[in-house]
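>>> Need the 3D shape of this:
(one chain, ligands or ions: 1)
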Amino acid sequence: MRRWVLLLLLLAASIHVGCGRDRSHPPMPGVPPVPFSGEEAMAECESFVRLGPKSAGTKESRQAAEYIRDRLKAFGLKPWVDEFEDPVPGGTGVFRNVTAVLPGGSGEILILAAHYDTRVGVSETFAGANDSGSGVGLLLALAQVLSGIYPGSAPELRFLFLDGEECRREYGPADGLHGSRHAVRQLQKAGEVRKVRAMILVDMVGDRDLTVTIPRNGTSALIRQVLNAAADEGVRASFGIHPGVILDDHQPFLDVGIPAVDVIDFQYGSSPGANDYWHTDEDTMEKLDAKSLGKVGRVLLRLIQGTWGASHNQVDE
Ligand SMILES: [Zn+2]
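This is a model prediction of the structure:
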């Protein structure tokens, strides 16, 4: 009898280990992982960064929006540019969000977002490779691999390329987060707020020394899902929690009760823990690595594919 108990205990332990985090564990039972390499994302990032600085409201910013739209079109999607005005310090600014949708049938919406504008006033040659090129490159590559294979029963997947994340002077009601606040207003107008299952933001995700620092202002269930997905992908060591709050494009979504998480690496610098490349001319392509984009891309794909099963209710806090 004792031996049986021991055997059962061993069996239980082995099942537990078997359910542990390893790459063979599919995102959903019966759903094979969509392959993703960071090289494509890196190539997209590089081409986008080559366009030059893209401060909101400039000619270059308009060209960047059109460029993103054209890339999405090339992947077989039907993107649109949403141009809008918003108060800025001392007047009104013109901004453009680019949206593309992979239709679903579950009645829910999953939002993947990144900002594409670059910080104003750094220099005339500011690359913004990590902030904003990496997020744009990653989303474009994800749109490409998912276009054509996205299951019609899944939540609608909405790609949002946001303008005006960067503030001109200081974050406030009329400075910064213009694109995300506008996107939330659009969701409210369309009566879609409650349909959004999750909003996942990527920002600064290409650092060759990838240290994702998910800020505490995020939905705890979603933060857990990101960390679990990272563990399942074998990249948990590159993902952690930031001790504080980071004001980013996910905040306006959180403010209206949409589950949201910011996948950001806010340790982008010359030594571990430092962030001294951020918003400087040091933010260049040489600081990035396709492997980092691959890690974050696979984690996102796992989260996306995790919604491909039966319809779920909204993420609980
Ligand atoms: Zn920035």
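>>> for the single nearest residue of the stretch 51-200 of the chain relative to the ion, helix, strand, or coil?
In the stretch 51-200 of the chain, the residue that lies nearest the ion is residue 131 (4.1 Å; C-beta to the ion). Every residue, glycine included, has its C-beta placed from N, CA and C. Under DSSP: H, G, I helix; E, B strand; the rest coil, residue 131 falls in the helix class.
>>> for the closest residue to it other than its chain neighbours, what are its contacts?
Leaving aside its sequence neighbours, residue 131 sits nearest to residue 204 (C-beta to C-beta, 6 or more residues apart in numbering; 5.0 Å). Contact partners of residue 204, counting by C-beta atoms under 8 Å, 6 or more residues apart in numbering, are 130-131, 134-135, 264-266, 268, 278.
>>> quick one: residue 204 and the ion, what's the gap?
8 Å (C-beta to the ion, to the nearest Å).
>>> And that residue, its phi and psi?
When read as degrees, to the nearest 10, the backbone of residue 204 gives phi 60, psi 60.
>>> give the contact list for residue 129.
Here residue 129 is in contact with 45, 49, 206, 283-285, 287-288 (criterion: C-beta under 8 Å, 6+ apart).
>>> ok so, going back, among the contacts of residue 204, name the ones in strands.
residue 264 (DSSP state E).
>>> Serialize the contacts of residue 204 to JSON lines and add fields for pLDDT and neighbour count.
Listed next are those as JSON lines, based on pLDDT from 0 to 100; neighbours: other C-beta atoms under 10 Å:
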{"residue": "130", "pLDDT": "98", "neighbour count": "27"}
{"residue": "131", "pLDDT": "97", "neighbour count": "27"}
{"residue": "134", "pLDDT": "98", "neighbour count": "33"}
{"residue": "135", "pLDDT": "98", "neighbour count": "32"}
{"residue": "264", "pLDDT": "98", "neighbour count": "22"}
{"residue": "265", "pLDDT": "98", "neighbour count": "28"}
{"residue": "266", "pLDDT": "97", "neighbour count": "21"}
{"residue": "268", "pLDDT": "98", "neighbour count": "30"}
{"residue": "278", "pLDDT": "97", "neighbour count": "18"}
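>>> hmm, back to that, give me the pLDDT for the residue nearest to residue 131.
You'll see residue 204 listed with a pLDDT of 98.
>>> follow-up on the earlier one: wait, the residue of the stretch 51-200 of the chain closest to the ion touches residue 278, no?
Yes: here residue 131 reaches residue 278: they are 6.4 Å apart, a contact under C-beta atoms under 8 Å.
>>> Need the residues touching each of these two.
Jointly contacting residue 131 and residue 278 under the rule C-beta under 8 Å, 6+ apart are 204, 268.
>>> Surely residue 151 is in contact with residue 309?
No: taking contacts as C-beta under 8 Å, residue 151 lies outside contact range of residue 309: 9.9 Å.
>>> For residue 237, the count of nearby residues, please.
By the measure other C-beta atoms under 10 Å, the count of residues near residue 237 is 11.
>>> From the ion, how far off is it?
Counting by C-beta to the ion - residue 237 and the ion are separated by 25 Å.
>>> In three-state terms, how would that residue be classified?
Using three-state DSSP, the structure places residue 237 in helix.
>>> Tell me, what's the model's pLDDT at it?
Note for residue 237: predicted pLDDT of 98.
>>> now the helices for the stretch 1-150 of the chain?
2-18, 38-49, 59-74, 135-146 (DSSP state H, counting those that start in this stretch).
>>> For the contacts of residue 129, give me a markdown table that also has secondary structure and distance to the ion.
Below are these laid out as a markdown table (DSSP: H, G, I helix; E, B strand; the rest coil; distance: C-beta to the ion, whole Å):
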| residue | secondary structure | distance to the ion |
| --- | --- | --- |
| 45 | helix | 15 |
| 49 | helix | 14 |
| 206 | coil | 13 |
| 283 | coil | 9 |
| 284 | coil | 15 |
| 285 | helix | 16 |
| 287 | helix | 14 |
| 288 | strand | 15 |
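>>> With respect to residue 25, which of those is nearest?
Nearest to residue 25 among the contacts of residue 129: residue 206, at 26.1 Å, using C-beta to C-beta.
>>> wait, what's in contact with the residue nearest to residue 140 when sequence neighbours are not counted?
Excluding the flanking residues, the one nearest residue 140 by C-beta to C-beta, 6+ apart is residue 44, at 4.2 Å. Going by C-beta under 8 Å, 6+ apart, residue 44 touches 71, 136-138, 140-141, 144.
>>> again, 7 Å this time
Contact analysis of residue 44 by C-beta atoms under 7 Å, 6 or more residues apart in numbering lists 137, 140-141.
>>> Could you do residue 182 as well?
84, 86, 95, 97.
>>> The residue nearest to the second one when sequence neighbours are not counted: neighbour count?
In space, residue 86 comes closest to residue 178 once its chain neighbours are excluded; the distance is 4.6 Å by C-beta to C-beta, 6+ apart. Here the count is done by other C-beta under 10 Å, and residue 178 has 30 residues near it.
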